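K.L.:
For reference, the sequence and a predicted model appear below.
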Amino acid sequence: MSFVLFFSALIFLVAAGIFLWPARRHRAAKNVNPPRPLFIEETAEELGINVPDTTKRPSLTESDIYLPHNYGVDRMVLLARDPHWLFAYWEITATKQEEFAGTYGTKAWLSTHPVLRIYDVTGITFNGNNALKYFDYYLEEKIDNWHIEVGEPDHSFCVDLGRMFPDGRFITLLRSNIVTTPRASLSDRLDEEWMWIEELYQSVGKIKYGTSSPMIIEELALRKGVLPLGVSSPGNWHA
Amino acid sequence: MSKGYLCLVLHAHLPYVRHPEHENFLEEKWLYEAITETYIPLIQVFEKLLADNVSFRLTMSLSPPLITMLTDPLLQDRYVCHLTKLIELAGKEEGRTYGSSFHETVLMYKKRLQEAMYIFRDQYGCNLVNAFKKFQDCGRLEIITCASTHGYLPFMMSQPEAVNAQVRAAVDLYTRHLGRPPLGIWLPECAYAPGIDEILKRNGLQFFFTDAHGVLYASHRPRFGIFAPIYCPSGVAVFGRDIESSKQVWSSQEGYPGDYEYREFYRDIGYDLDSEYIKPYIHPDGLRVHTGFKYYKITGKVELGQKEPYSPRRAEEKAAEHAGNFMFNRQHQILHLAGMMERPPIIVAPYDAELFGHWWYEGPQWLENLIRKITFDQDIIELITPSDYLKKFSCNQVATPCTSSWGNKGYHEVWLCKANDWIYRHLHMAAGMMTAMANRRNGARGLLRRALNQAARELMLAQSSDWAFIMSTDTMVEYAVKRTKTHLNNFLRLYDEIENNRIDEGWLSDLEFRDNIFPDMDYSWYRQPAPEEKAV
């Protein structure tokens, strides 16, 4: 009896595993830790808000406030979250879907797969065909936003949402704006330009021009090593 | 002759939590607590320094929601009621704790609350903005502005008009309350992305701040690191936050505020005392809240139940000691840097104002000690404000700052994570709709104008970075979600009514009464500038 129970439990676990696999993969994809930044510093979070540590509170008068999920506009917006990650959200209207079906046949939607194509467009004027490189990300149907790991600071990206045919043809439905991931290290451009704002300030500052002074940078680089890791914000003291 | 400069910056901000619809709104207490524990103690410090002729220079930002709440008659009245009850509670506590080790602390609270009442009601006629203005007018404070509702500007740059409106509304409100336009701005969450500086320039702002890596990682590489400002290509100056001085105050491990002798924030009689006794001073529904009466010290890393009684005198001594330590460290830092630079270094040390007093109870005393010591005990450090510095050193290196914020991990993740990423599809859509309306309906009047202005208010209130932040912390999420959705919902309904030419005046009046921030809102701030305007 116990063997039967064990066996059925095993079947259930395997089935659940198969069933939940896409969801797990989805989460795992989002939780991959980005590479450790070159320099970590303490952060200042909000302090002004005293958060009462209780779940009990007077009930809200308006139960659930309605917001439309879609606005009937074909759009895809890309945001650079940090040096390694992007975030995109999008909306495809029924009209757009019908257009696709009109061009590629009524069954084309079902026989294709939604795919995000992430183009590296650093330093170029992107025309759809001249990306430095790209990679594809296969999505599940009905997903309309995604955190994308690119792992490339100071690079520019553009994202297409499209449908992929089994034969590898990729049809773009939406194209995002272009974003640039922030730098995660010192700039290697060392030449200097100085600006004098005459009309703003009348007094004269005494500035010596000359060889660049990398000492301070070296000094700062040395200090990076002793910066505390994971300093929590003061808002979390003794919590 | 000093060897270098220290630029202390206090960023004062609270989200707009005015709720005329209920007498006892929990979130309104954020304002009352900040007034009692931070803003009034800071005013007292400045007052004392002024009386003693201490010629200090300090930079402070007052966010537009904070200015609006501090000058709002309803909230002013409610604060007086709130304070009256606390003074009553102090009287009861004085009797209850007589002879105990808490009595001295109670007497301190009682005295401070009475002083707060005098300063708030009698000295400044319930308007604390006038107090800060006074210190600015006599050359001690440099008050800067902040974006209108503390919107997270990098994520609004897909509609630069929305960023422009946030900045323009802030400059307008500042000018009305402080009698002159602001010279600089504290970017909400210290969050910068290229292009924002152009909009600041268009609105007459000359400087802002970024976190250390905002300047350090600028391109081209800044010659003096974070110890001199840089100019963006637009000509707006950027000051980078100093890592070392931030750590000493902010760090929960090594920072001063975690000291053994300082007051423990999390032991409060609102939670500790018998519910019958404390009932009149907590939420009428019996919900326990902080009262501000806290009798214990931090006592090291022990359980809340094992904390020892607070001694105001010993905490005061610590604040003086820590001020000395901070000054000593800055002196060393400056002497060290000055040897490597061709001009005196500037150390920029920004803090949330509410750290001082509210979280770190002894913070205002520390600040007063620090300012006095710097003024009288040494000549290596000189206090300076950004605009003073730029007058002395108007030639600076040009570089584009690095996109950054002062949030966890240094970039935008706090404001764009799984808990809050859903807001942007709505915020961006609404900002696009607002810009489109402003472009189409130039010179609107009467009811239409009122509706357009209210739509702009609702949009701005939805954009507060505070809501996204609270969602990311996983506490009080319900309130933050509700605020975001409510303002967006109001906006969308207004949009619909405006576009279909059927504005419900009764409902509009109600919204104007409830969400009354920026009475002088001008929806045309959302208009796309004509090409020639851009070029200016």
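P.N.:
Perfect, thanks for sending it. The model shown is predicted, which means the values in this text are computed figures rather than measured ones.
K.L.:
any idea how far B:Asp377 lies from B:Thr97?
P.N.:
38 Å (CB to CB, to the nearest Å). For glycine as for every other residue, the C-beta is placed from the backbone atoms N, C-alpha and C.
K.L.:
Give me the contact list for stretch B:29-37.
P.N.:
A:48-50, B:14-15, B:17, B:69-70, B:75, B:78-79, B:82-83, B:86, B:113, B:116, B:120, B:128, B:289-290, B:292, B:354, B:357-358, B:361 (CB atoms under 8 Å, 6 or more residues apart in numbering or on different chains).
K.L.:
Out of these, name the ones that lie in helices.
P.N.:
B:69-70, B:75, B:78-79, B:82-83, B:86, B:113, B:116, B:128 (DSSP state H).
K.L.:
Adding distance to B:Thr473, neighbour count and pLDDT as columns, could you present those residues in JSON lines?
P.N.:
As requested, those are exported to JSON lines (distance: CB to CB, whole Å; neighbours: other CB atoms under 10 Å in any protein chain shown; pLDDT from 0 to 100):
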{"residue": "B:Met69", "distance to B:Thr473": "22", "neighbour count": "26", "pLDDT": "97"}
{"residue": "B:Leu70", "distance to B:Thr473": "25", "neighbour count": "26", "pLDDT": "98"}
{"residue": "B:Leu75", "distance to B:Thr473": "25", "neighbour count": "22", "pLDDT": "97"}
{"residue": "B:Arg78", "distance to B:Thr473": "26", "neighbour count": "21", "pLDDT": "97"}
{"residue": "B:Tyr79", "distance to B:Thr473": "26", "neighbour count": "24", "pLDDT": "97"}
{"residue": "B:His82", "distance to B:Thr473": "25", "neighbour count": "20", "pLDDT": "97"}
{"residue": "B:Leu83", "distance to B:Thr473": "29", "neighbour count": "20", "pLDDT": "98"}
{"residue": "B:Leu86", "distance to B:Thr473": "27", "neighbour count": "22", "pLDDT": "97"}
{"residue": "B:Leu113", "distance to B:Thr473": "30", "neighbour count": "22", "pLDDT": "98"}
{"residue": "B:Ala116", "distance to B:Thr473": "29", "neighbour count": "22", "pLDDT": "98"}
{"residue": "B:Leu128", "distance to B:Thr473": "28", "neighbour count": "25", "pLDDT": "98"}
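K.L.:
In contact with residue 172, which residues?
P.N.:
No chain was given, so I picked chain A. A:117, A:128, A:160-162.
K.L.:
that's the wrong chain, I wanted chain B
P.N.:
B:Asp172 neighbours (CB under 8 Å, 6+ apart): B:518, B:520, B:522.
K.L.:
where does chain B dip in pLDDT?
P.N.:
B:252, B:531-536 (pLDDT under 70).
K.L.:
what about the longest strand in it?
P.N.:
strand B:4-12 (DSSP state E).
K.L.:
any idea which of the ones in helices among the contacts of stretch B:29-37 is the one closest to B:Gln365?
P.N.:
Taking CB to CB as the measure, B:Gln365 lies nearest B:Ala116 of the ones in helices among the contacts of stretch B:29-37, at 15.5 Å.
K.L.:
what about the strands in the stretch 101-250 of chain B?
P.N.:
With DSSP state E, counting those that start in this stretch as the definition, the stretch 101-250 of chain B shows strands at residue ranges B:141-146, B:185-186, B:207-210, B:230-231, B:237-240.
K.L.:
Let's have those strands in a markdown table, adding mean neighbour count and distance to chain A.
P.N.:
Below are the strands of the stretch 101-250 of chain B laid out as a markdown table (neighbours: other CB atoms under 10 Å in any protein chain shown; distance: least, CB to the nearest CB, whole Å):
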| stretch | mean neighbour count | distance to chain A |
| --- | --- | --- |
| strand B:141-146 | 25 | 12 |
| strand B:185-186 | 24 | 12 |
| strand B:207-210 | 26 | 10 |
| strand B:230-231 | 26 | 5 |
| strand B:237-240 | 27 | 8 |
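K.L.:
can I get the ones you listed in CSV with distance to B:Gly255?
P.N.:
CSV is the format used below for the strands of the stretch 101-250 of chain B (distance: least, CB to CB, whole Å):
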stretch, distance to B:Gly255
strand B:141-146, 24
strand B:185-186, 21
strand B:207-210, 20
strand B:230-231, 28
strand B:237-240, 20
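K.L.:
Which among those strands is found nearest to B:Lys373?
P.N.:
strand B:141-146 (19.1 Å).
K.L.:
nearest spatial neighbour of residue 191, skipping sequence neighbours?
P.N.:
By default, I'm working from chain A. B:His220 (6.0 Å; CB to CB, 6 or more residues apart in numbering or on different chains).
K.L.:
wrong one, I was asking about chain B
P.N.:
B:Ser405 (3.8 Å).
K.L.:
isn't that neighbour right up against B:Val414?
P.N.:
Yes. At 7.4 Å, B:Ser405 counts as touching B:Val414 under the criterion of CB atoms under 8 Å.
K.L.:
what about these two, which has more around it?
P.N.:
Shown here are B:Ser405 and B:Val414; by other CB atoms under 10 Å in any protein chain shown, B:Ser405 has more neighbours (31 against 28).
K.L.:
B:Gly225 versus that one, what's the distance?
P.N.:
Distance from B:Ser405 to B:Gly225, by CB to CB: 19 Å.
K.L.:
B:Ser275 is in contact with B:Asp285, isn't it?
P.N.:
No. Shown here, B:Ser275 and B:Asp285 do not form a contact pair, counting by CB under 8 Å, at 11.6 Å.
K.L.:
can you pull the contacts of B:Ile298?
P.N.:
Per CB under 8 Å, 6+ apart, neighbours of B:Ile298: A:238, B:258-264, B:307.
K.L.:
Let me fix that, I meant to ask about B:Leu448.
P.N.:
So B:Leu448 contacts B:441, B:498, B:503 (CB under 8 Å, 6+ apart).
K.L.:
before we move on, what about B:Gly214?
P.N.:
So, once contact is read as CB under 8 Å, 6+ apart, B:Gly214 ends up touching B:190, B:192, B:238, B:240-241, B:401-404.
K.L.:
just for chain A, where's the confidence low?
P.N.:
In chain A, residues with pLDDT under 70: A:1-63, A:196-239.
K.L.:
would you list every one of the strands in it?
P.N.:
Counting by DSSP E, the strands of chain A are A:75-80, A:85-91, A:113-120, A:133-138, A:145-149, A:156-164, A:170-175, A:179-180, A:194-196.
K.L.:
Take the ones you listed and write them to a markdown table, including distance to B:Ala319.
P.N.:
What follows is the strands of chain A, written out as a markdown table (distance: least, CB to CB, whole Å):
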| stretch | distance to B:Ala319 |
| --- | --- |
| strand A:75-80 | 42 |
| strand A:85-91 | 41 |
| strand A:113-120 | 53 |
| strand A:133-138 | 54 |
| strand A:145-149 | 44 |
| strand A:156-164 | 49 |
| strand A:170-175 | 57 |
| strand A:179-180 | 45 |
| strand A:194-196 | 41 |
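K.L.:
what's the closest of the ones you listed to B:Arg140?
P.N.:
Using CB to CB, the nearest of the strands of chain A to B:Arg140 is strand A:194-196, at 29.5 Å.
K.L.:
roughly how far apart are the residue nearest to B:Ala191 and B:Phe469?
P.N.:
The value you get for B:Ser405 to B:Phe469, if CB to CB is used, is 11 Å.
K.L.:
For B:Ile381, see how far away B:Ala456 is.
P.N.:
44 Å.
K.L.:
how about the helices in chain A?
P.N.:
Using DSSP H, helices in chain A cover A:2-31, A:94-104, A:108-111, A:215-224.
K.L.:
ok so, going back, can you list the strands that the longest strand of chain B pairs with?
P.N.:
strand B:58-62 (parallel), strand B:346-352 (parallel), strand B:381-383 (parallel) (DSSP bridges).
K.L.:
Quickly compare those strands and say which is most buried.
P.N.:
strand B:58-62 (a mean of 25; mean count of other CB atoms under 10 Å in any protein chain shown).
K.L.:
got the angle between that strand and strand B:141-146?
P.N.:
On the basis of axes from the mean of the first three to the mean of the last three CA atoms, to 10 degrees, strand B:58-62 is oriented at 30 degrees to strand B:141-146.
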